[in-house]
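Asks: I would like the atomic coordinates for the input below:
(2 chains)
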Amino acid sequence: MAKPKIEPRLPKGMRDFLPAQMLKREYVFNIVREVFHLYGFEPLQTPALELTETLMGKYGEDADKLIFNARHIDGKEDLSLRYDLTVPLARVVGQYQNDITLPFKRYQLSPVWRAERPQRGRYREFYQCDADIVGAPSMLADAEIVSLIVTALKRLGFPQFVVKINNRKLLTAIGEYVGLDGEPLANLYRSIDKFDKIGAEGVHEELLRRGIDPAVAARIMELITSKLPGTGQLDYLADAIGNLPAASAGIGELREIAQHLQAANVPADAYEFDFTMVRGLGYYTGPIFETVITEPNLGSVTGGGRYDELVGLFRGDSLPTTGTSLGIERIIDLMDILNLYPPQFGGTVVQVMVGVFSDETRPQATALAAELRAGEICTELYLQDRAIGKQMSYADKKGIPVVALLGSEEIAQGIVKLKRLRDGVEVTTRRDEIVSAVRALLGG
RNA sequence: GUGGAUGUAGCUCAAUGGCGGAGCAGCUGAUUGUGGAUCAGCAGGUUGAGGGUUCGAGCCCCUUCAUCCACCCCA
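Replies: Next comes the predicted model:
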């Protein structure tokens, strides 16, 4: 064979998804979409490319290094690949004020691109899955987001997880309480954010290293590490710093969320208030959420919160917005690790393959495939002229559950032979009952 | 952006500076109307690329590219 002229390879950090893998991804995507619809979220799609100026508004200094730019030989516009789904949402909300009824509940399940150095579980092209509610200041919206997360993860089959809930206003209040703002406050957030990675001890040490007064550091640790069940957490913080307006507001919001979650029948063990959870430095202004898989301890699979200012980038007045991102790539990885796909989840969409014995029987085999398809059975007609043993072998390797055979004997008698490869069970059925016979064999 | 490791068949990996191999996958047959298991056989290579040292380099040296891991970052 001649050496190929072009080396087949992928751009750095990008992936192909072969059929067996694609089926798993779509299984997850479909469940997630179902749950979004269940909660009344509508799909939104935006272009992969945005005007560069659209993207540059929100992100910080080094952002342009992480954004892929798109060039065209005659390009008059400055274009970039989208970096997340939140900015396109804000643009859409600003752009279609006549067409969008508030509150606007949308989800988007689409790839985004970041020119990061690839690492395990981090790619340059990956899917994000965001659900947001624009224009609803009520904590009911935040509670809906939490409830949505719980339902989605339960339907995917995750046995043990907890949505951690905090409030940006509380973190600000704690900073205020200990006399920090500006950059020192940002550093405080950065340190606390490492809680999962370096633990309480590590955070405490880092606070001291950052030059925070030992007494103050100890007090901060005391406040954020309290572990009381349910709203006991909120009572504790209210006693300690409830006199600060920001704290009082933040605690009040979390109490509202707790009430709504209870009314919505969200199980109490599915969420908790955790003051060590920070969610980066971002644009969050109110309640923030993050979900961790707890058993086994596999890290976080969702992140989100309320960001009341962002939409204002594209619109005179801002709109209060809350939402979450499902870490869909991470979820897909965990589905495999935790073995959460249904037992008979196959590597093929094909339910039955029709084998072909000879040129003489091929028209009947073709007709049989058509009948199966008319009966809504996903059917593959064997397309080559090879020994029946090879055909069986092909079906076996592809994981096709059932093979239908009709040779001259079967044709003469008006019957079809069906074989289930999983256990070798063979049945003979009348040709006019083929669809129900295949269904029965697939079901058993 | 910083540091480390690794590049050999489609895949996973062997090979003291001295004839480039195995397992898996593929193909053919044992078995022309029945898959998996077994057995026999076949095919598959610019050892990432370029340079250097050497009688001789997959192996040593230099350069470069790629991949992986850790850090930085993570809106």
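
Asks: by contact count, what packs against the lowest-mean-pLDDT helix or strand in chain A?
Replies: Counting by mean pLDDT, DSSP states H and E, chain A has its least confident helix or strand at helix A:63-66, which shows a mean of 76. Using 3 or more Cβ pairs under 8 Å, 6 or more residues apart in numbering; DSSP states H and E, the elements in contact with helix A:63-66 are helix A:52-56. Bear in mind the C-beta positions are built from the backbone N, C-alpha and C, glycine included.

Asks: still on that earlier bit, can you tell me the strand partners of the helix or strand just after the least confident helix or strand of chain A and which way each runs?
Replies: Going down the chain from helix A:63-66, the next helix or strand is strand A:69-70, by DSSP states H and E. Using DSSP bridges, the strands paired with strand A:69-70 in its sheet are strand A:79-81 (antiparallel).

Asks: average pLDDT across the partner strand?
Replies: With pLDDT averaged residue by residue, strand A:79-81 scores 92.

Asks: can you list contacts of it?
Replies: By Cβ atoms under 8 Å, 6 or more residues apart in numbering, the list of residues contacting strand A:79-81 from outside reads A:48-52, A:55, A:67-72, A:112-113.

Asks: Need the max-distance pair from those.
Replies: Farthest-apart pair in those is A:72 and A:112; separation 20.5 Å (Cβ to Cβ).

Asks: circling back: would you mind writing the CA trace of the least confident helix or strand of chain A as CSV?
Replies: Provided in CSV are the C-alpha atoms of helix A:63-66 (Å, rounded to 0.1, in the frame of the first residue of the first chain):
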residue,chain,number,x,y,z
ALA,A,63,-8.1,36.3,27.9
ASP,A,64,-6.9,37.1,24.3
LYS,A,65,-4.2,34.5,24.7
LEU,A,66,-6.9,31.9,25.5
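
Asks: so how far is it from its chain's centroid?
Replies: Centroid separation between helix A:63-66 and its chain, computed with Cα atoms, centre = their mean, to the nearest Å, is 24 Å.

Asks: Tell me the gap between stretch A:392-404 and the middle of its chain.
Replies: Distance, centroid of stretch A:392-404 to centroid of chain: 32 Å (Cα atoms, centre = their mean).

Asks: Helices of the stretch 101-250 of chain A, start to end?
Replies: A:139-156, A:168-177, A:182-193, A:195-209, A:214-224, A:232-241, A:245-263 (DSSP state H, counting those that start in this stretch).

Asks: so what secondary structure elements neighbour the last one?
Replies: Spelled out, that is helix A:245-263. helix A:139-156, strand A:161-167, helix A:168-177, helix A:232-241, strand A:271-273, strand A:287-293.

Asks: any chance of the ones you listed in CSV, plus mean neighbour count?
Replies: Converted to CSV, the helices and strands packed on helix A:245-263 look like this (neighbours: other Cβ atoms under 10 Å):
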stretch, mean neighbour count
helix A:139-156, 22
strand A:161-167, 24
helix A:168-177, 22
helix A:232-241, 18
strand A:271-273, 22
strand A:287-293, 24
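
Asks: which stretch among these comes nearest RNA strand B?
Replies: Shortest distance between RNA strand B and those, using Cβ to the nearest atom of the strand, is found for strand A:287-293: 10.2 Å.

Asks: can you tell me how far the nearest residue to residue A:242 once chain neighbours are set aside sits from residue A:173?
Replies: Counting by Cβ to Cβ, 6 or more residues apart in numbering, residue A:248 is the residue found nearest to residue A:242 once chain neighbours are left out, at 5.4 Å. From residue A:248 over to residue A:173 the distance is 8 Å, taken as Cβ to Cβ, to the nearest Å.

Asks: again, but for residue A:32
Replies: Residue A:32 is 35 Å from residue A:173, by Cβ to Cβ.

Asks: got it, and residue A:94?
Replies: 31 Å.

Asks: cool, and residue A:275?
Replies: Taken as Cβ to Cβ, the span from residue A:275 to residue A:173 is 10 Å.

Asks: do residue A:253 as well
Replies: Using Cβ to Cβ, one obtains 12 Å as the distance from residue A:253 to residue A:173.

Asks: Quick check: residue A:185 touching residue A:177?
Replies: No - with contact defined as Cβ atoms under 8 Å, residue A:185 does not reach residue A:177; the gap is 11.1 Å.

Asks: Report pLDDT for the closest residue to RNA strand B within the stretch 201-350 of chain A.
Replies: Nearest to RNA strand B in the stretch 201-350 of chain A, going by Cβ to the nearest atom of the strand, is residue A:280, at a distance of 2.4 Å. Predicted confidence (pLDDT) for residue A:280: 74.

Asks: what's near enough to touch the nearest residue to it once chain neighbours are set aside?
Replies: Of all residues not flanking residue A:280 in the chain, residue A:193 sits nearest, at 6.9 Å (Cβ to Cβ, 6+ apart). Residues in contact with residue A:193 (Cβ under 8 Å, 6+ apart) are A:278, A:279, A:280.
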